[in-house]
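Visitor: Kindly return the folded structure for what I paste below:
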Amino acid sequence: MTQSNENQSSVSVEKLKWMYEQMVKIRYYEDQMVEVYTEGKKPVFNIGAGTVPGEMHLSTGQEPAAVGIGAHLKKEDTVTSPHRPHHHAIAKGVDLKRMTAEIFGKETGLGKGKGGHMHLFDPEVKFACSGIVAAGIPHAVGAAMAAKMKGKDWVAVAFIGEGAANAGAFHESLNLAALWNLPLIVVVEDNAYGISVPKKSSTSVDSNDKRADAYGIAGAYVKDNDPIAMYLAAEEAVSRARNGQGPTIIEIETYRYLGHFQGDPELYRDKAEVPGLRELDPIVKLKEKLIEKSTDEKELDEMEERAKQEVDEAYQFARDSNFPAPEAALEDVFTS
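Guide: Residues are numbered from 1 along each chain as shown. Purely as a prediction, here's the structure:
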């Protein structure tokens with residue numbers, strides 16, 4: 001099922017405002033990370049140097065996938081995310097200060113600075129991510145099974161990239177989720193590339209929602225990186241899951257404005273691709289939609305300022321926090 005624009009007027013202005021503010025926050029967060037990440041990595045790029053060492057995968061342009069479903073989730077719902085997790089974490093309500101401190105490797109971070117940006121865990125809002133492709137789907141199945149066994153109406157959402165839909169964990173997890181009729185939603189973010197491999201070179205179907213038929217579950221496809229269409233597709237999927245009607249696969253056509261990782265030379269992309277995608281920016285389109293619905297531009301300015309202030313405070317908190325003591329390296333680890 002391809003999500004159409006017919007029911008877009010049914011989405012409340014308040015929900016649209018929430019999505020807009022979250023998208024602005026995500027975009028500003030990632031824009032700031034672009035700058036912070038390059039600190040100490042010039043003039044010659046060194047992935048291990050700088051304020052934030054290690055790889056960095058940013059979600060600039062992919063905000064609609066996160067906020068469209070995040071608008072329907074509550075604290076008790078579980079979200080698992082892949083190696084590109086910041087937009088999902090922000091939309092789920094992960095503590096932004098502790099998340100940023102974790103990315104900076106500081107002791108005030110979610111994992112005391114030991115996990116970094118691909119291993120963010122916040123049990124307060126049931127959020128987790130992993131750098132291993134497709135690894136979050138089995139965990140989401142477990143969370144969905146636990147919710148069902150407890151008799152709760154909680155749902156579990158697993159975000160993955162389109163390349164992960166070719167992994168065994170995707171198929172094994174969906175088979176179990178369908179067999180046990182679990183409240184699972186798998187969101188496939190199709191940003192056209194699995195690292196540098198185009199989707200058409202790796203995947204036998206043009207959209208992964210079609211694979212839902214193989215498991216006898218629901219599937220939905222969202223075109224054009226549209227946050228409102230994503231909201232509507234997610235509304236149906238979450239309602240279905242909460243009411244005991246089983247899993248859903250949602251694939252959203254989304255756009256990655258930056259490289260697979262920061263420092264990616266992007267030799268696999270046409271130079272005109274990203275400027276063309278930026279002309280279709282979903283944040284600009286959503287702002288235009290809110291203005292059409294008589295939202296005061298001053299109110300939107302205040303929302304933008306509030307979002308940016310929260311991000312700035314999170315970055316400052318991370319900078320001001322201490323690194324873990326050397327002896328802490330031997331704490332919180334498994335020993336035989």
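Visitor: Past the longest helix along the chain, which element shows up next along the chain?
Guide: Identified as the longest helix of the chain according to DSSP state H is helix 13-38. Downstream of helix 13-38, the first helix or strand assigned by DSSP states H and E is helix 63-70.
Visitor: Show me what the next helix or strand along the chain from that next one is packed against.
Guide: Counting by DSSP H and E, the next helix or strand C-terminal to helix 63-70 is strand 78-81. Here strand 78-81 touches helix 86-92, strand 127-129, helix 136-150, strand 156-161, going by 3 or more C-beta pairs under 8 Å, 6 or more residues apart in numbering; DSSP states H and E. From N, CA and C alone the C-beta is placed, and that goes for glycine too.
Visitor: would you turn those into a markdown table with mean neighbour count?
Guide: Formatted as a markdown table, these follow (neighbours: other C-beta atoms under 10 Å):
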| stretch | mean neighbour count |
| --- | --- |
| helix 86-92 | 27 |
| strand 127-129 | 25 |
| helix 136-150 | 20 |
| strand 156-161 | 29 |
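Visitor: Make CSV out of these and add mean pLDDT.
Guide: Formatted as CSV, those follow (pLDDT from 0 to 100):
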stretch, mean pLDDT
helix 86-92, 98
strand 127-129, 98
helix 136-150, 98
strand 156-161, 98
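Visitor: Out of the ones you listed, which gets nearest to Ala318?
Guide: Of all the helices and strands packed on strand 78-81, helix 86-92 sits nearest to Ala318, with 13.3 Å by C-beta to C-beta.
Visitor: Let me know the average pLDDT across whichever helix or strand comes after the closest one.
Guide: Counting by DSSP H and E, the next helix or strand C-terminal to helix 86-92 is helix 96-103. When pLDDT is averaged over helix 96-103, the result is 98.
Visitor: Downstream of helix 96-103, the next helix or strand is which one?
Guide: strand 121-122.
Visitor: contacting residues around that following strand?
Guide: 89, 92, 94-95, 98-99, 110-111, 115, 127-129 (C-beta atoms under 8 Å, 6 or more residues apart in numbering).
Visitor: Just name the closest of these to Ala237, please.
Guide: For those, the nearest to Ala237 is Lys92 (15.9 Å; C-beta to C-beta).
Visitor: show me the residues around that closest one that make contact.
Guide: 70, 73, 79, 122, 125-127.
Visitor: In JSON lines: the helices and strands packed on strand 78-81, plus distance to Pro247.
Guide: Formatted as JSON lines, the helices and strands packed on strand 78-81 follow (distance: least, C-beta to C-beta, whole Å):
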{"stretch": "helix 86-92", "distance to Pro247": "18"}
{"stretch": "strand 127-129", "distance to Pro247": "19"}
{"stretch": "helix 136-150", "distance to Pro247": "8"}
{"stretch": "strand 156-161", "distance to Pro247": "9"}
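Visitor: Which among these is found nearest to Ala214?
Guide: The nearest among the helices and strands packed on strand 78-81, by C-beta to C-beta, is helix 136-150 at 15.4 Å.
Visitor: mind checking how far the closest one is from the chain centre?
Guide: Offset of helix 136-150 from its chain centre (C-alpha atoms, centre = their mean, to the nearest Å): 19 Å.
Visitor: Over to stretch 10-22?
Guide: 18 Å.
Visitor: residues in contact with that stretch?
Guide: 63, 66-68, 70-71, 90-91, 227-228, 231-232, 283, 286-287, 289-290, 293, 295, 299-300, 303-304, 306-307.
Visitor: Quick check: phi and psi on Glu251?
Guide: phi -110, psi 130 (degrees, to the nearest 10).
Visitor: of all the helices and strands packed on strand 78-81, which lies closest to Ile250?
Guide: It's strand 156-161; of these, that one is closest to Ile250 (C-beta to C-beta) at 9.3 Å.
Visitor: For the residue nearest the centre of the chain, which non-adjacent residue is spatially closest?
Guide: Centroid-nearest residue in the chain, with C-alpha atoms, centre = their mean: His88, separated by 3.0 Å. Spatial nearest neighbour of His88, excluding adjacent residues (C-beta to C-beta, 6 or more residues apart in numbering): Ser81 at 4.2 Å.
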